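Peer 1: Have a look; sequence and predicted model below, questions after that.
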Amino acid sequence: MDLIGATAVARGWRLWEPIARHRALAVMLFIAVLPWVTPYQALATNILIYGLFAAGFNLLYGYLGLLSFGHAALFGGGAYACGIAIVRFGLPWYAGLALGTLGGMAISLLIGALATRTRGIYFAMITLAFAQSLYYLAYQAQGWTGGENGLRGVNVRRVELFFLPLDFTDPVARYWLMAALVGLALLALSRILNSPLGAVIEAVRENEARARACGYDVAATRLMTFVLSGGFAGLAGALQALELSTVSIETLDYATSGLVVMMTLLGGAGTFFGPFVGAAVFALIQDVFSLWTVHWQLLAGAIFMLFVLFLPRGIWGYLLEWSEQRQATQSS
Amino acid sequence: MAALTPELLALQLLVGLALGAIYVLLAFGLSLIFGMLTVVNFAHGAFYMLGAYVAFAVAGLTGNFWLCLACAPVVLGLIGYGVERFLVSPLYGRGIDYPLLLTFGLSYVLVEAVRIIFGKQGYPFDSPAALAGSVEILGNYFPLYRLFVVAATGTIVLALWLFVEWTNFGLIIRAGARDPEILRVLGIDVGRVWRLVFALGTAIAAMAGVLAAPLQGVTPEMGDSMLIESFVVTVVGGMGSLGGAVLAGLLVGLVVSLTSVVAPELAKLSIYALMAAVLLIRPQGLFGRAGLLG
C-alpha cells in the first residue's frame, strides 16, 4: 500500500532523512508507482484526487486545529466552477482548473468569514450548515448546475501541453497529467508549511493565547488557512470533474465532507503523508469490501470509531512515532 | 405563488410551529449535552432516526401509538447511556474534537445498521386514529396531529424545565454545567450525572423522532438533514442555552414554513440566511452565554 513508508522504516534513518526533507518529491514518487500497485487505474486516480483533497483538509485540521465538516462545499464548489467554466462558457481545461481552485477559495472565504467569528466549537457545525446550504443552492440552480441530474458533458478530449498534444481520453496520459498537477500542488503545500506562515499556523494550534500575545492575528491566520485549504480542495474537485466528465450533486453532500474527515484521521492528521495514506487505505477498504457487501459503510464507520478511540494519530502518525522510537533506542 | 389568505397564513403558522417543535426537542437535547459534557453530538440525528424506527417496530407489533411514544425514549435512553459509558467517556480530556468525531462515526454505523435491518427504502407511518383529521378553531380547520405535536412538545419542555429548575438532580445538572470540578469535590459522582444527561438528551431526540414520524414517514436518512438544521437552531439560539433552543427552534420552524408560502424554492435556504444574519450581528447566538445552561 505504501511502499515508501515501508522501506523507509525498514532500512532505518539513512533513507528516512532525505525523504522527510523532500516530502513533496516523495509523495510524487509514491504517486508515480501508484498505478502499478492498485488493482486498476481508476482507483489510482481516485486516490490521487482524494489524497489532494485530504491534504488540503489536513492543512486546516491537522496543522491549524480547526475541524471543518463543510469541505464538501469547497471540493464540490471547485468541481462545479470547473464544470460550468468548460460546459457553459466553453473555456479550455486549464482555465477550468484555475477557476476550480479560485472557486474553492472564494467559497471558503465566504464561509470562513462567518464561521471564524465564533469560538472553535461552533466551527464544525457552521461549516457543515453552510455546506448544506450550497448543496440546496446547486440543487435549485438547475440552469447552471443541472440540479439533481448533475452537470454533464465536462468533456476534455485533447490537451495541448506546451505544444505537446496529449490524448486526454487515454487513462494513462490523463493520470500523468493529473499526477503532475497534484505534485505541483503538494510542492506549494510543502512550501506553505515550511514558510513563516506555516510556523504561525502551528503556533495557533498549539497555543492560541500565546500566539496572540506574540502579536499574531489569530483570526486572520485562521481565515487565510481556511482559504488556502479551500484552494487545494477546489483544485481536487476540478480534477475530479475532468476525470469523471460530470459533476454530480453528491460532491456537495454531507457524506463528502465526512469522507475527507475520515480519510485524514485514518492516515494521520497533522502529518504530510498521512492524508494520502488515508485516501489510499480508504479507497482500498471501499474497493475490497464493496465486493462482499453493499453495506461497506458500516465497516468504514466502525474502523473510523476504533481509530478515534484507540489510534487517534492515524496510520502514518504511528509509523512516524515508531521510527522515532527506533532512532532513539539506536542512538542511545 | 398561492394567494396569502388569512386561513392559509394561520395553517402555515401551525405547520411552522409543529416543525419548530421537532427542532426545539432536538436542539434542547443537543444543548443539554453540550452544556454539561461539552460534547457536540453528531449522532443526535441518528438517535432521532432510531427513535422513529423503534416506534415503527413497536407500531408494527402492537399498533399502539402511545406505546411507541413510551417505548422509544426508554430504548434510546438506554442506548445513550451505553454510548456515553463505553464510547464517549474514554475521550474526555483528549480535546473537544474527539467526541465529535466519534459520534460522527457512530451515526455512520447506526444509519447503515438500520439500512441492513429495515431496508434502504423508507416507510409511511400512520398518525394515531384518535389524532387523525382536523379540528375547527374560529372557522379555520387545523390538522389535529400537528396541534398535538405542538402541545406534546410544550408539555415535554415544561416538564424538563421544572425538572432542571426545581429538582435536586436538576440542581446538580445546573451546577455541573457551571463547574464540574467543584461538583466532584462536593462528593457527587459526576461521571454518573454525565451518563444520565447524555441518556436524557438521547431520549428527547427519540421522542422527537416518534413525533415526527407521522409527519414525514421513516427513512434511514431522516436524521441527516434534521441534524444539520438543529445545528442551525443551536447556533441561532446560542450553544448551551435551553431557552435559546426553544425560541430559536420555533423561529426556524416558522421561517421555513412562511418562506415556503412566498417562495417554495427558497424554503430550505432561508434558515441558512437566518444563521448568517445571526452570525454577523450576534456571533454568540441570540441567547448565548459561554458554557452555561441558561
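Peer 2: Received, thanks.
Peer 1: Neighbours of the residue of the stretch 51-200 of chain A found nearest chain B, how many?
Peer 2: For the stretch 51-200 of chain A and chain B, the shortest gap (CB to the nearest CB) falls at residue A:133, measuring 3.5 Å. The C-beta positions use only the backbone N, C-alpha and C, and glycine is treated the same way. By other CB atoms under 10 Å in any protein chain shown, 23 other residues sit near residue A:133.
Peer 1: What strand or helix carries it?
Peer 2: Using DSSP states H and E, residue A:133 sits within helix A:120-140.
Peer 1: now the residue most central in space within chain A, nearest residue through space, not along the chain?
Peer 2: Centroid check for chain A by CA atoms, centre = their mean gives residue A:53 as the closest residue, at 1.6 Å. The shortest distance from residue A:53 to any non-neighbouring residue, by CB to CB, 6 or more residues apart in numbering or on different chains, is to residue A:236 (3.8 Å).
Peer 1: was I right about that neighbour contacting residue A:50?
Peer 2: Yes. Counting by CB atoms under 8 Å, residue A:236 touches residue A:50, with 7.3 Å between them.
Peer 1: So those two - more neighbours on which side?
Peer 2: Taking other CB under 10 Å, residue A:236 and residue A:50 do not tie; residue A:236 has more neighbours (32 against 25).
Peer 1: Could I get the pLDDT score of the residue nearest to residue A:53?
Peer 2: Here the pLDDT value assigned to residue A:236 is 98.
Peer 1: Residue B:294 too?
Peer 2: For residue B:294, the pLDDT comes out at 39.
Peer 1: start to end distance for stretch B:171-184?
Peer 2: Chord length of stretch B:171-184, first to last residue, is 14 Å (CA to CA, to the nearest Å).
Peer 1: as a whole number, average confidence for it?
Peer 2: The pLDDT scores in stretch B:171-184 average 87.
Peer 1: and what of stretch A:245-256?
Peer 2: Average pLDDT, stretch A:245-256: 94.
Peer 1: any bit of that stretch sitting next to chain B?
Peer 2: Yes. Residues of stretch A:245-256 contacting chain B under CB under 8 Å from any CB of the partner chain: residue A:254.
Peer 1: buried sites along that stretch?
Peer 2: A:245, A:246, A:247, A:248, A:249, A:251, A:252, A:253, A:254, A:256 (16 or more other CB atoms under 10 Å in any protein chain shown).
Peer 1: what number of residues lie near residue A:233?
Peer 2: The number of residues packed near residue A:233 is 36, by other CB under 10 Å.
Peer 1: Then residue B:49?
Peer 2: Applying other CB under 10 Å, we find 29 residues neighbouring residue B:49.
Peer 1: Ok, residue B:241 next?
Peer 2: Residue B:241 has 25 neighbouring residues, counting by other CB under 10 Å.
Peer 1: Point out the other helices and strands that the helix holding residue A:133 packs with.
Peer 2: Counting contacts by 3 or more CB pairs under 8 Å, 6 or more residues apart in numbering or on different chains; DSSP states H and E, helix A:120-140 packs against helix A:71-87, helix A:93-115, helix A:254-267, helix B:222-237, helix B:267-281.
Peer 1: Alpha carbons of stretch B:92-105, in PDB - could you do that?
Peer 2: Output of stretch B:92-105 as PDB, limited to C-alpha atoms (Å, rounded to 0.1, in the frame of the first residue of the first chain):
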ATOM      1  CA  TYR B  92     -12.800  13.100  27.900                       C
ATOM      2  CA  GLY B  93      -9.600  15.200  28.400                       C
ATOM      3  CA  ARG B  94      -8.400  14.400  24.900                       C
ATOM      4  CA  GLY B  95      -9.600  17.500  23.100                       C
ATOM      5  CA  ILE B  96     -13.100  18.700  22.200                       C
ATOM      6  CA  ASP B  97     -13.000  17.300  18.600                       C
ATOM      7  CA  TYR B  98     -12.700  13.600  19.600                       C
ATOM      8  CA  PRO B  99     -16.200  13.000  21.000                       C
ATOM      9  CA  LEU B 100     -17.500  14.900  17.900                       C
ATOM     10  CA  LEU B 101     -15.500  12.600  15.600                       C
ATOM     11  CA  LEU B 102     -16.600   9.500  17.500                       C
ATOM     12  CA  THR B 103     -20.300  10.400  17.400                       C
ATOM     13  CA  PHE B 104     -19.900  11.200  13.700                       C
ATOM     14  CA  GLY B 105     -18.600   7.700  13.100                       C
END
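Peer 1: in the stretch 151-294 of chain B, what residue is nearest chain A?
Peer 2: The minimum distance from the stretch 151-294 of chain B to chain A, using CB to the nearest CB, falls at residue B:272 (3.5 Å).
Peer 1: tell me which element the residue nearest to residue A:53 is part of?
Peer 2: If you go by DSSP H and E, residue A:236 is part of helix A:218-244.
Peer 1: Residue A:57 contacts residue A:72, doesn't it?
Peer 2: No. Taking contacts as CB under 8 Å, residue A:57 lies outside contact range of residue A:72: 10.5 Å.
Peer 1: which neighbours do these two share?
Peer 2: residue A:260 (CB atoms under 8 Å, 6 or more residues apart in numbering or on different chains).
Peer 1: Mind listing the residues bridging to residue B:135?
Peer 2: residue B:142 (DSSP bridges).
Peer 1: got the buried residues for the helix or strand containing residue B:213?
Peer 2: Residue B:213 belongs to helix B:190-216 when elements are defined using DSSP H and E. Across helix B:190-216, burial judged by 16+ other CB under 10 Å covers B:190, B:193-215.
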